[in-house]
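Chemist: Coordinates for the following, if possible.
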Amino acid sequence: MFDKELSIFKEALNNFKNDQLSKGNGSAVAVFEDVFKDINSIHKVENNYIYVIVSDILTKFKIDKFYLISLNDYVKSLTNGELGLKFITLEDAKKEEIALAPAQDKEKIDPERSKRLLRPEFTFENFVVGESNRFAYTEAKQVANSPYASFNPLYIMGHVGLGKTHLMQAIGHYVLDNNMKANVIYTSATQFADDYFRATMTKNPDDIIKFSKSYQEADLLLVDDIQLLENKEKSQEEFFKYFDYLHEHNKQIVVTSDRPASELKIMARLKSRFSWGEVVQLGIPDVTLRISILKRKLSFLIANPNNVPEEVLEKIASIYKNNVRELEGALRTYVNYCLSFESEFNVDNIQKALGAHLPKDTVEFKNDDVRIIKDVLCTYFRINEKDLISDSRKSHLVYARNLAFYLMREDLGLQLKEIGVLFGNRDHSTILHGYDKIKELLENDTNVVSDIDYIRKKFKESIASND
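Modeler: Have a look, this model is predicted:
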């Protein structure tokens, strides 16, 4: 469906790029390609306009402001003035489809519609795995391979921006890739409640029937941010009905939440249902995983990711610790800045590029912080600073030194090179080896966990006493 119109759109994009390249605007083309790289779905053709789906309102705003007029000229040229171009967000397209789509029989389900409701980049292949998310990833893959046979429901839990939606939609992509006839329904809890409200407000029984049928016919139901059903009693009751219906008919259910089911302020029997299957949690990514995520993202942003030094990725990873979405957004902004101004990819440009986008609590590390960590370690291990930064291979000194590497990287956000300078100009590979050693010990050695907890406690006490 819309293959011809999609081809016209793609040709218009290529014409724009070629014209820019002929003018020597290589950096502008790189930014353009970043904006349009995941845009490949047509929502509809109506009133002589091709409606192209974009992921969010910010992307739509950017396209409408900087590219729409030029792209429209190319499309009109390709169609002899018969067609124009408009962009619509995925959310608006979804609302429109739900509102206008006629009730349809199971065998008439359009698999491409299911695909369009999933972000194309949210696949298992693009999900970067680390210690904080490995179990959740493994269980999600198992559900995707054997829907319902594994555990039902799958409850994915984690703070904002850690990849819950990505992992959930990856299940949807996998199921559709292996069975295009599967009816995959993706919605947010807010969207579910809004759609239910609209269906009931019309006072038309057909609207309720249509709404109910759309969920009862699901083979895989994906519901994002289930905590947003709080204080929506009627919507909770309606969702409960579909949950039980699908569960009884061996259909897979996956939900995400920012907290455990036991903490949700929803009806008790619905909370109970969420405990029937498997609960997995996405944790805060450590700095190693954050850097891996940045490297993966970078491969989609520029042709040669090696042009961006490792120290740039380390610095960005040290700033954005708790939210993968913000981490990736910061990298995108940084790359676009450097390309737009034809600037070198270096650490100095991070502040210039991110500026107002930096978290409010972002500060450059203070010499006092480094001194306090060193002092706490020296007191704890009864050594002096000279021993701590020396080349001695005595086991207790190596251990204390590695703890310093770990804490300065994790808690102060220092780059490997910066830590190396603080410890007698050691090579960054030496710092990384010590850091990795502590990470490995933390998995199995409770004594190491206790040591770090104590040092962090004393560090915070010292900071507080200095304020």
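Chemist: any low-confidence regions in the protein?
Modeler: Residue ranges of the chain with pLDDT under 70: 1, 97-116, 149-150, 356-357, 359-367, 466-467.
Chemist: Please parse this structure into its domains.
Modeler: Per automatic domain parsing, the domain ranges recorded for the chain read 3-92, 101-282, 287-357, 367-466.
Chemist: Now render those domains as JSON lines, adding mean neighbour count.
Modeler: (Glycine included, C-beta is placed from N, CA and C.) JSON lines is the format used below for these (neighbours: other Cβ atoms under 10 Å):
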{"stretch": "domain 3-92", "mean neighbour count": "16"}
{"stretch": "domain 101-282", "mean neighbour count": "18"}
{"stretch": "domain 287-357", "mean neighbour count": "17"}
{"stretch": "domain 367-466", "mean neighbour count": "16"}
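Chemist: Residue 314 reaches residue 292, doesn't it?
Modeler: No: between residue 314 and residue 292 there is no contact under Cβ atoms under 8 Å: 11.8 Å.
Chemist: For those two, list the residues in contact with both.
Modeler: By Cβ atoms under 8 Å, 6 or more residues apart in numbering, residue 314 and residue 292 have no common neighbours.
Chemist: shouldn't residue 42 be in contact with residue 6?
Modeler: Yes: assessed by Cβ under 8 Å, residue 42 is found in contact with residue 6 at 5.3 Å.
Chemist: Please compute how far stretch 326-334 lies from its chain's middle.
Modeler: On the basis of Cα atoms, centre = their mean, to the nearest Å, stretch 326-334 sits 11 Å off its chain's mean C-alpha point.
Chemist: for stretch 170-190, same thing?
Modeler: Put simply, stretch 170-190 sits 18 Å off its chain's centre (Cα atoms, centre = their mean).
Chemist: can you check stretch 369-376 too?
Modeler: 34 Å.
Chemist: And for it, what's in contact with it?
Modeler: Contacts of stretch 369-376 (Cβ under 8 Å, 6+ apart): 385, 388, 404, 407-408, 411-412, 414, 422, 455, 458-459, 462-463.
Chemist: same thing with stretch 432-439?
Modeler: Residues outside stretch 432-439 that contact it (Cβ under 8 Å, 6+ apart) are 286, 288, 398, 401, 402, 403, 405, 406, 409, 416, 448, 452.
Chemist: In contact with the last one, which residues?
Modeler: Going back to what we said before, that points to residue 452. The neighbours of residue 452, taking Cβ under 8 Å, 6+ apart as the test, are 403, 406, 407, 438, 442.
Chemist: now, which of those lie within strands?
Modeler: Among the contacts of residue 452, none falls in strands (DSSP state E).
Chemist: quick one: terminal-to-terminal distance for stretch 60-76?
Modeler: Using Cα to Cα, to the nearest Å, the end-to-end distance of stretch 60-76 comes out at 20 Å.
Chemist: before we move on, the earlier item: looking at the contacts of stretch 369-376, which is nearest residue 179?
Modeler: Distance to residue 179 across the contacts of stretch 369-376 (Cβ to Cβ) is lowest for residue 411, with 46.8 Å.
Chemist: give me phi/psi at the residue lying closest to the closest one once chain neighbours are set aside?
Modeler: Leaving aside its sequence neighbours, residue 411 sits nearest to residue 456 (Cβ to Cβ, 6 or more residues apart in numbering; 7.0 Å). Dihedral pair for residue 456: phi -60, psi -40, per degrees, to the nearest 10.
Chemist: Could you measure from residue 456 over to residue 291?
Modeler: To residue 291, residue 456 is 22 Å away according to Cβ to Cβ, to the nearest Å.
Chemist: As a check, name the ranges of all strands in the stretch 301-450 of the chain.
Modeler: Applying DSSP state E, counting those that start in this stretch to the stretch 301-450 of the chain gives no strands.
Chemist: what ranges do the helices span in it?
Modeler: Assigned helices in the stretch 301-450 of the chain, in chain order: 310-319, 324-340, 348-354, 367-381, 385-388, 395-410, 416-422, 428-442, 446-466 (criterion: DSSP state H, counting those that start in this stretch).
Chemist: for the stretch 51-200 of the chain, same thing?
Modeler: Counting by DSSP H, counting those that start in this stretch, the helices of the stretch 51-200 of the chain are 57-66, 68-78, 90-100, 111-116, 134-145, 164-178, 189-201.
Chemist: Using a markdown table, lay out the ones you listed together with distance to residue 209.
Modeler: Shown next, in a markdown table, are these (distance: least, Cβ to Cβ, whole Å):
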| stretch | distance to residue 209 |
| --- | --- |
| helix 57-66 | 32 |
| helix 68-78 | 40 |
| helix 90-100 | 14 |
| helix 111-116 | 19 |
| helix 134-145 | 30 |
| helix 164-178 | 25 |
| helix 189-201 | 9 |
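Chemist: for those, which one sits closest to residue 233?
Modeler: helix 189-201 (10.5 Å).
Chemist: which residues are in contact with that closest one?
Modeler: Here helix 189-201 has contacts from 91, 94-95, 98-99, 187, 207-208, 210-211, 223-229, 232, 234-235, 238-239, using Cβ under 8 Å, 6+ apart.
Chemist: roughly how far out does that helix sit from the chain middle?
Modeler: 26 Å.
Chemist: Just the closest of the contacts of stretch 369-376 to residue 20, please.
Modeler: Checking the contacts of stretch 369-376 against residue 20 by Cβ to Cβ gives residue 414 as the nearest, at 40.2 Å.
Chemist: so what's the closest residue to that closest one other than its chain neighbours up against?
Modeler: Excluding the flanking residues, the one nearest residue 414 by Cβ to Cβ, 6+ apart is residue 408, at 4.7 Å. Going by Cβ under 8 Å, 6+ apart, residue 408 touches 370, 373, 414, 419, 422.
Chemist: any idea which of these is closest to residue 353?
Modeler: The closest of the contacts of residue 408, once distances to residue 353 are taken by Cβ to Cβ, is residue 414, at 20.3 Å.
Chemist: quick one: contacts for residue 54?
Modeler: Contacts of residue 54 by Cβ under 8 Å, 6+ apart are 39, 60, 63, 87, 88, 89, 90.
Chemist: can you rerun that using 6 Å?
Modeler: 39, 60, 87, 89 (Cβ atoms under 6 Å, 6 or more residues apart in numbering).
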